[in-house]
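Enquirer: Sequence and predicted structure are below.
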Amino acid sequence: MGSQSPGEFRVTVEVSDSGTPRAKDSQSVTIKVALDSAQFTVLTASVVRDGQPQAWLFDRLKNQRLVLTPKTRFRYGDVEAEVVSIGERAVVFRVGKNDLELALGDSIQKLKAIATKPKAEKPAAEKPAAKSRLLISRLLKSRLLKSRLLKSRLLKSRLLKSRLLKSRLPKSRLLKSRLLKSRLLKSRLPIKTAAETPAHGKSANWETPICLGGEGVVP
C-alpha cells in the first residue's frame, strides 16, 4: 500500500485462534489514503499590493496559488491558522495560542516557533547607602578637578610673570649701563676752582700749556 496513489481502499481483516474447533472472525474496513497538503504547500513570495502586504502560498498538489493577508484565517491539511504579520522573508501564523514562523521556501509543515530574545534584567534598585557613596565620590572628583584647574591657572600665571620679568631685565640692564657710562664721562671732566673762574664777567686768558720733553711748562 505504500506505493499506492491517494484514494480509498477496502481491506478485510480476518483473525482466528488455535483452539479446537478453531474460532475465527473477519471484518472489512475502508482505509483512506491521502497526501498531507500542508507538506506540499510552500510559501513562495511576500509582496505588497496597493499598500497591503500579501503572502503567496503555492499548493503543488492542486497546482494553485493561495493569497493571504493579515488576519486571514485558513486551514490546510491538519494546520488551521491565522495570519499575524507578513514580513519580507517570513510570515507569522497563530496556531492555537502559539505564534509560529514560516520562512520563504518552506512548506506549512515546517512552521517553527519564533526565537524570542531574552528579556534584559532590570538593574537592582540602588540602596540609599550606595547612592550616598556615589554622590560623595562624584563630589570629591569635582573638587579634585577644580583644585587641579586652579593649580594649572596659577602655574600659567607665574610662568607669564617670569617671562615678563625676563623680558624687562635686558632693558633695565641697558639703562643701568648707559647711566654708568654717563657718570664715568662726567667724572673725567676737569673741575674749575673759584680762583680760575673770572669774576664779574671778566674774561680770563687761558693759555694752552706747552709740553716740552714730556714735562709740561706753564708760564
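Expert: That came in fine, so what should we check first?
Enquirer: ranges for the strands of this structure?
Expert: For the chain, the strands identified by DSSP state E occupy 7-16, 24-33, 41-49, 52-59, 64-68, 73-76, 79-86, 90-95, 98-103, 112-113, 210-212, 215-217, in order along the chain.
Enquirer: and the ones you listed as CSV, adding distance to Leu134?
Expert: (C-beta placed from N, C-alpha, C; glycine too.) Output for the strands of the chain, formatted as CSV (distance: least, C-beta to C-beta, whole Å):
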stretch, distance to Leu134
strand 7-16, 78
strand 24-33, 74
strand 41-49, 51
strand 52-59, 49
strand 64-68, 55
strand 73-76, 55
strand 79-86, 44
strand 90-95, 44
strand 98-103, 43
strand 112-113, 43
strand 210-212, 100
strand 215-217, 100
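Enquirer: nearest to Leu150, of those?
Expert: Counting by C-beta to C-beta, Leu150 lies closest to strand 79-86 out of the strands of the chain; the figure is 61.6 Å.
Enquirer: tell me the angle of the closest one relative to strand 64-68?
Expert: Between the axis of strand 79-86 and that of strand 64-68 there is an angle of 60 degrees, by axes from the mean of the first three to the mean of the last three C-alpha atoms, to 10 degrees.
Enquirer: that older thread, may I see the strands of the chain arranged in CSV, with mean neighbour count and mean pLDDT as well?
Expert: Rendered in CSV, the data for the strands of the chain read as follows (neighbours: other C-beta atoms under 10 Å; pLDDT from 0 to 100):
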stretch, mean neighbour count, mean pLDDT
strand 7-16, 9, 86
strand 24-33, 9, 86
strand 41-49, 15, 90
strand 52-59, 17, 91
strand 64-68, 14, 89
strand 73-76, 14, 80
strand 79-86, 17, 87
strand 90-95, 19, 90
strand 98-103, 17, 89
strand 112-113, 10, 86
strand 210-212, 9, 48
strand 215-217, 8, 45
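Enquirer: out of those strands, nearest to Leu145?
Expert: Smallest distance to Leu145 across these (C-beta to C-beta): 52.3 Å, for strand 79-86.
Enquirer: For that closest one, name the packing helices and strands.
Expert: strand 52-59, strand 73-76, strand 90-95 (3 or more C-beta pairs under 8 Å, 6 or more residues apart in numbering; DSSP states H and E).
Enquirer: now with 7 Å?
Expert: Using 3 or more C-beta pairs under 7 Å, 6 or more residues apart in numbering; DSSP states H and E, the elements in contact with strand 79-86 are strand 52-59, strand 90-95.
Enquirer: Any chance of TSV for these, columns distance to Lys166?
Expert: Compiled in TSV, the helices and strands packed on strand 79-86 are given as follows (distance: least, C-beta to C-beta, whole Å):
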stretch	distance to Lys166
strand 52-59	80
strand 90-95	78
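Enquirer: now for those strands, which one comes closest to Ser152?
Expert: strand 90-95 (60.2 Å).
Enquirer: Could you list the paired strands of that closest one along with their orientation?
Expert: As defined by DSSP bridges, the strand partners of strand 90-95 come to strand 79-86 (antiparallel), strand 98-103 (antiparallel).
Enquirer: Columns distance to Ser18 on top of the ones you listed, output as TSV?
Expert: What follows is these, written out as TSV (distance: least, C-beta to C-beta, whole Å):
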stretch	distance to Ser18
strand 79-86	47
strand 98-103	51
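Enquirer: Out of the ones you listed, which gets nearest to Leu160?
Expert: Short answer: strand 79-86, nearest of those by C-beta to C-beta, at 69.7 Å.
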